[in-house]
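Undergrad: my questions concern the predicted model and sequence given below.
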Amino acid sequence: MTTGILLQIAQTLLAILLAPLLMGWVNQCRAWLQGRSAPPITQPYRTLRKLFHKDAVIAHDASPLFRFAPYMIFACMALAAGIVPTIANDLPFSPAADVIALVGIFALARVFLALAAMDTGTSFGSLGARREMLVSFLAEPALLMVFFTASLISQSTELPIIVETLAHREFVIYPSMAFAAVAFWMISVAENARIPVDNPTTHLELTMIHEAMILEYSARHLALIEWAVALKLFTYSALGIALFLPWGIAAQGDFNALPLAILALVAKMALGGAVLSFMEAISAKVRLFRAPEFLGTAFLLGVLGMLIHFLLEV
Amino acid sequence: MEIYWVLGIPLAGGIFLALWGCRKHAPEINALFSLLTLVAAAVLTARIVAEGPMMVGGEGWFFIDSFNVFLVTLTAFVAFTTALFSRPYMRIEQEHGRLNAHRLRLYHSSYQIFIAAMLLALTTNNMGILWVSMEAATLATVLLVSLYRTPASLEAAWKYFILCGVGIAQALFGTILLYFAAEKVLGSGGTALLWTHLNGVKAQLEPTVLQLAFVFLLVGYGTKVGLAPLHNWLPDAHAEGPTPVSAVLSGLLLNVALYAVMRSKVLVDGALGNDMAGNLMMGFGLLSVVLAAFLIKRQTDVKRMFAYSSIEHMGLITFAFGMGGPVANFAALLHMTMHSLTKSAIFFAVGHATQKAGTQLMDGIRGLIKTNPTIGWGLMLGTIAILGVPPFGVFASEFLIITTAMHEHPWATPFLLLALGVAFASIFGKVQPMVFGETELPRLSHQPALAPVFIHLGLVLMLGLFIPPYLAGWYKQAAQLLGG
Amino acid sequence: MSLTYHLQVVNLLAALLLLISFAMLSQRRIIGLVTLFAWQGAALALSTAIVAWSTGQHHLYYSAGLTLILKVIAMPWFFYRLVKKLDVDREVEPMINIPTTMLIGIVLVIFAFNLALPISQMSGTVTRSTLGIAMACVLLAFLMMITRRKAITQVIGFLAMENGLFFAATSASYGMPLVVEMGVALDVLVGVFVLGIFFFQIRETFDSLDLKHMEKLKEH
């Protein structure tokens, strides 16, 4: 039990610390693919340090919610990161928070972000909040469908058990998971404000979604939000790995597998980040009106995955 | 052995005409090949009548019994008379500049291939090959329907191809299901789709699968029969294609498609032991009869009108087959014959009439009796015959069907009578001015080839007055085979 | 789940076929559609070959080869050329918007799965569970045919339907007898050939391959 708790804390800390690194890696890859000279991989850490050293400027009309939101968002993301098995399958938190709770935690963070964005009453803030809500209300059911497919296979909604079923039992090809994987990829792209749904580097009012919401933030608040964004990307990547590439995650009580698990995690994350930036480089951002179609397709694939599970795998 | 001749002659004709069909005498060669096919079919028939059903080739690739040999003869006969009719008809079309020699070559070649495909569909013992040849028959006629290359004919051909393609795909699925059921009883391999083998073990076939298979087969082949609600292609294809093609489509192809349905029905009845298949056929048949009868009323194009009349009659035949039993089957077979002969005769007459008037619109065709009495009489008699006026044979078969329906399914009778009444009133009302109306047009300069019309109508009249005993016996045998 | 690995691969390919069917429904460009059609043929050929290998049904190899030659190489090549020659690779306009089409597609899939369930329970083949997918592919192709206006898209829909039927035959009963399969393939080939001629005729007459010009003949 104690080892479990230790592992749990270690995993959460690992996620918090490694998250900016993943972000840095994705940015670096993207710069390479676009033929620019890349910023160093540690750039996000420097940005965070810089932001933490600045003085925060807050609008006069801002309510306490505006100050409180970044902490809440960061806490939500840290909690979410703690639920997802990254290196070991030994998570004492998991019985208390399964995948459905995970979706809820993401939603909670999003609600605070949207409220904070509208709090100052700027037009960009509410515009961004509205768009974010549009995207997320479509992405959430799709994400649930993906989780349901995985849960149907493993007969459980707890991530460690899902990982246990997929990684440590007899190897079986699940066609339904192939559908779920594609759906999950699309949802992750949308939820993490990447191309083709949103562009993390743009500040063009016609297109931005996420950036529009955090325009009013500065200094440590902005740092926390940026960190939370990195954590979200990390959590989604870890989720993807846990659901679709779980091999390498150490089984319960298997300490000898830990070093290997860390290596596997780093390798898979690096690969995932590279693929993400590659996909971003080759695709164009779609108009906002197309986003529902994009996510509708993700939902459809999730549903198909479930149907296929019932047909082929029962 | 004759069977190979029956199939080989039209096939060879198709190839020959594809290569040398540009020559001047292609129409005569076409007719010659059709005649040879007819002779071969007659010899085959004589042999079947004398020796009973037979299986030919390998593991029994071809199977001929009373049911299909009668259709083989009918097909070869109508194909021959149509070839006779098309000889002068197509020549005039060419003179009018609607066709050139290349298209005529395409026409003759496709015509023979089409006949070959239909004969193969009728004689094959393999349900899979039956499907293949039905599809081949469709493909052979698609380019015939669009022969004139007018926008309307292209549209009709496209509709024909796509609708029948979809339909025939359903039939393929039905065939797959049939094979799936058969394979468990007969083992996998080529013999599991042979109809004779299937017929032998039909009681052991899985009912659930066959039920589903029949639905698909009926919808699939039913599309080609022209059953409502999948009949849309039929009027267009008939109206826009050359008249000889309309004649063979109506007179032959629809029969062959219905033949495919019947072969499936025999198997399904055996497996299910209930009336599911029959009821479905009755439903589709009745719907087609009623729908077509009311649509006839609204037609302005003469070929379209008779195409709808074909839907009506095919619906009636399907209904009769659906009722089952020796009398209804007998009546349906008789009606099949009568309809083929009469309808092709009508199309021959209509072809000449439209060629003369230069339009297919009924308002533009007037006073045929003055401009050309033979065409006028041919059309009038044909119309009277198809409407079921005694003493023509159609009356006999329709009478039999309706009395059987009264006896076994009284609820359907009012619908049938109403539909037949509506069809009668509308067709007669429209044909009457065409034949007897006033006209300024001069007499026809050339002599139309109307011998086929009067041969057909003569036969229909004869069969209405007197069915030779051997022919009646033959029909009865066929009716028996269909589960009487 | 006690299926051997190659059959799991067949299942995966079946799922892939379904996915491609959906992708075809959502595809907006004709060239993209042709490419997807080729991929569908490839998945079909591969799965047929795997079934042939794992069950020892040798005639399925021929059928797989036939699929490969006809539907992966010959027909897509033919369509590519046709699209280039006729210059029709603009956006295909669906009659119903694409998300709605997709939703209808989902309903069709559920319907097909339900329909296939009693049959696949009866089937003795190891690939029986894919029958539902085959039926779903057929229905989706049918949906594509009725919601698209361009002549070429309708034909690709028709051929995709044929793919689904082949797959159904393979999964329900290890394919049809060889002679039938050859016949079907011949028909399909001739059909595509006839259509090629036909496209040119349509194009010549209407100056477009859009079927909206072809709505003159109505039931009066």
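TA: Now that the structure is in, tell me what you want to look at. Numbers count the residues shown, from 1 in each chain, chains lettered A, B, ... in the order given.
Undergrad: now do the contacts for residue C:205.
TA: B:149, B:150, B:151, B:154 (CB atoms under 8 Å, 6 or more residues apart in numbering or on different chains). No exception for glycine: its C-beta is placed from N, CA and C like everyone else's.
Undergrad: how does it look with 6 Å?
TA: By CB atoms under 6 Å, 6 or more residues apart in numbering or on different chains, residue C:205 lies in contact with B:151, B:154.
Undergrad: could you check which helix or strand contains the closest residue to chain A within chain C?
TA: Of all residues in chain C, the one sitting closest to chain A is residue C:15 (3.3 Å; CB to the nearest CB). Assigned by DSSP states H and E, residue C:15 belongs to helix C:5-26.
Undergrad: who does that helix touch, helix- and strand-wise?
TA: helix A:175-191, helix C:30-55, helix C:98-122, helix C:131-147 (3 or more CB pairs under 6 Å, 6 or more residues apart in numbering or on different chains; DSSP states H and E).
Undergrad: dump the ones you listed into JSON lines; add mean pLDDT and mean neighbour count as well.
TA: Output for the helices and strands packed on helix C:5-26, formatted as JSON lines (pLDDT from 0 to 100; neighbours: other CB atoms under 10 Å in any protein chain shown):
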{"stretch": "helix A:175-191", "mean pLDDT": "85", "mean neighbour count": "24"}
{"stretch": "helix C:30-55", "mean pLDDT": "87", "mean neighbour count": "22"}
{"stretch": "helix C:98-122", "mean pLDDT": "81", "mean neighbour count": "17"}
{"stretch": "helix C:131-147", "mean pLDDT": "85", "mean neighbour count": "25"}
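Undergrad: could you dump those into CSV with distance to chain B added?
TA: Shown next, in CSV, are the helices and strands packed on helix C:5-26 (distance: least, CB to the nearest CB, whole Å):
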stretch, distance to chain B
helix A:175-191, 22
helix C:30-55, 10
helix C:98-122, 6
helix C:131-147, 7
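Undergrad: burial measure for residue A:36, as a count.
TA: Neighbour count for residue A:36, taken as other CB atoms under 10 Å in any protein chain shown: 9.
Undergrad: likewise the one 10 residues further on?
TA: Around residue A:46 there are 13 other residues, counting by other CB under 10 Å.
Undergrad: then the helix or strand hosting it to CSV, C-alphas only?
TA: Assigned by DSSP H and E, residue A:46 falls within helix A:43-53. Coordinates of each C-alpha in helix A:43-53 appear next as CSV, following Å, rounded to 0.1, in the frame of the first residue of the first chain:
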residue,chain,number,x,y,z
GLN,A,43,11.9,26.5,-23.8
PRO,A,44,8.6,25.9,-22.0
TYR,A,45,10.4,25.7,-18.6
ARG,A,46,12.1,29.0,-19.3
THR,A,47,8.8,30.6,-20.2
LEU,A,48,7.2,29.3,-17.1
ARG,A,49,10.1,30.7,-14.9
LYS,A,50,9.9,34.0,-16.6
LEU,A,51,6.2,34.2,-16.1
PHE,A,52,6.4,33.3,-12.4
HIS,A,53,8.9,36.1,-11.9
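Undergrad: and the helices in the stretch 51-200 of chain A?
TA: A:64-83, A:99-119, A:123-154, A:159-168, A:175-191 (DSSP state H, counting those that start in this stretch).
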